[in-house]
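Engineer: let me see the structure of the following:
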Amino acid sequence: MTTDSHTIREPPRLLIPIEVLEGESISASLVEFLAPAEVVLLGYHDLPEQTPTEQASMQYEEKARTAIDDIADSFRGAGGKVETRIAFTHDRDQTVDRVAAEESVTGLLLPNPVGEIEEVIVPIRGAIDVDRLADLVATLLEDGSRRVTLWGLAEEGDEFDAEAAVEYTRNTLSERGLPDDQVSTEVSVAESPVWDIIERSSEFDVIVMGEGGPGLLASLFGDPSERIAEGAVAPVIVVRNR
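Structural biologist: Now for the predicted structure:
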C-alpha cells in the first residue's frame, strides 16, 4: 500500500483494550495519533470469579456498548477506520490475547495518559518483527510532524548487536518512505533494559516496542512490555511477532 511517499507492506491494525465500565478512555491527542492505523476497540470488564459472564452481559452490555461507541466515534471523527468488540471476562490477559489473534492485529496499545504527541521512542532490546514495526511507525508518522528515536539496548555480556539492529530498523523505515530527518538513533549498554526504558519514558510521548519473548524473566515477573507499561508515564504500543 502506498500512502503519499510511504510504501506500507502490511497496513497496521491495532487492538486497544479499554476498561469502559471503569471510565477508562483515550485522549484526543492519542486518537489523532493512532487514527492512520486500523483500530479494534475492545471494551472489556473484569468480573469476580463467581459472577457468570452471561449475567454481566445482560446487566451491563448496553452501558459498555454506549461507552465504546462514543470512543469509536472519536476515531471516526479523526478520519480513522475502527471496529468494536465487547467482552466480560474472568481473565483479561487471556481475552486480550484471544481477540488479538482473532483480529490478526499488528500491535496492542497499553494506555497511559499523554498530552500532545511529538516524540516517539522505539527501544530495541532483542529480536523483533522489524517489518511490522516499520509499517506501523511509518504509518503513524506519515504526516511528517513527529520524530522517532530508535534506541538499541544491549545488556553487558549479551550477544545481541544493538547497533546492527538499530541500523537495520532505520534502513527499513527508509524503505517505507520515512525521511531520515524524522529518525534519530542511539545505542547504549544497560544493566536492566526494562528499567532504563521506564526511566526515560518521561522524555517521550509514546513508546513503540516489540513484544517480549518467553523466558524465565517473563515467567517470574510478567512480560517486559507489560512491566514497562505499568512503570512508564507514556502509552506503550507492543508490536506482535508474526
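Engineer: residue contacts, the closest residue to Glu119 other than its chain neighbours?
Structural biologist: The spatially closest residue to Glu119, leaving aside those adjacent along the chain, is Phe204, at 4.7 Å (C-beta to C-beta, 6 or more residues apart in numbering). C-beta: built from backbone N, CA, C; applies to glycine. Going by C-beta atoms under 8 Å, 6 or more residues apart in numbering, Phe204 touches 119-121, 149, 234.
Engineer: Phe204 and Glu159: what is the separation?
Structural biologist: According to C-beta to C-beta, to the nearest Å, Phe204 stands 27 Å off from Glu159.
Engineer: with Tyr60 instead?
Structural biologist: 50 Å.
Engineer: which one of those two is surrounded by more residues?
Structural biologist: Tyr60 (17 against 6; other C-beta atoms under 10 Å).
Engineer: let me see the contact set for that one.
Structural biologist: 21, 45, 88.
Engineer: hey, which helix is longest across the chain?
Structural biologist: If you go by DSSP state H, the chain has its longest helix at helix 53-77.
Engineer: in it, what counts as buried?
Structural biologist: Of all the residues in helix 53-77, those buried under the rule 16 or more other C-beta atoms under 10 Å are 56-57, 60, 64, 67-68, 71-72, 74-75.
Engineer: would you list those residues in JSON lines and tack on distance to Val31?
Structural biologist: JSON lines is the format used below for the buried residues of helix 53-77 (distance: C-beta to C-beta, whole Å):
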{"residue": "Ala56", "distance to Val31": "27"}
{"residue": "Ser57", "distance to Val31": "27"}
{"residue": "Tyr60", "distance to Val31": "24"}
{"residue": "Ala64", "distance to Val31": "19"}
{"residue": "Ala67", "distance to Val31": "15"}
{"residue": "Ile68", "distance to Val31": "13"}
{"residue": "Ile71", "distance to Val31": "8"}
{"residue": "Ala72", "distance to Val31": "10"}
{"residue": "Ser74", "distance to Val31": "5"}
{"residue": "Phe75", "distance to Val31": "6"}
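Engineer: ok, those vs Ala35, which is closest?
Structural biologist: Phe75 (5.9 Å; C-beta to C-beta).
Engineer: still on that earlier bit, so can I have CSV of the buried residues of helix 53-77 showing distance to Val105 and pLDDT?
Structural biologist: Converted to CSV, the buried residues of helix 53-77 look like this (distance: C-beta to C-beta, whole Å; pLDDT from 0 to 100):
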residue, distance to Val105, pLDDT
Ala56, 25, 82
Ser57, 23, 85
Tyr60, 25, 88
Ala64, 20, 94
Ala67, 21, 95
Ile68, 16, 97
Ile71, 17, 96
Ala72, 16, 98
Ser74, 19, 97
Phe75, 15, 97
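Engineer: so which of those comes closest to Ile228?
Structural biologist: Out of these, the member with the shortest distance to Ile228 (by C-beta to C-beta) is Ile71, at 23.9 Å.
Engineer: tell me, how many residues neighbour the residue nearest to Ile197 when sequence neighbours are not counted?
Structural biologist: Excluding the flanking residues, the one nearest Ile197 by C-beta to C-beta, 6+ apart is Pro123, at 4.9 Å. Residues lying near Pro123 (other C-beta under 10 Å) number 28.
Engineer: alright, I will stop here.
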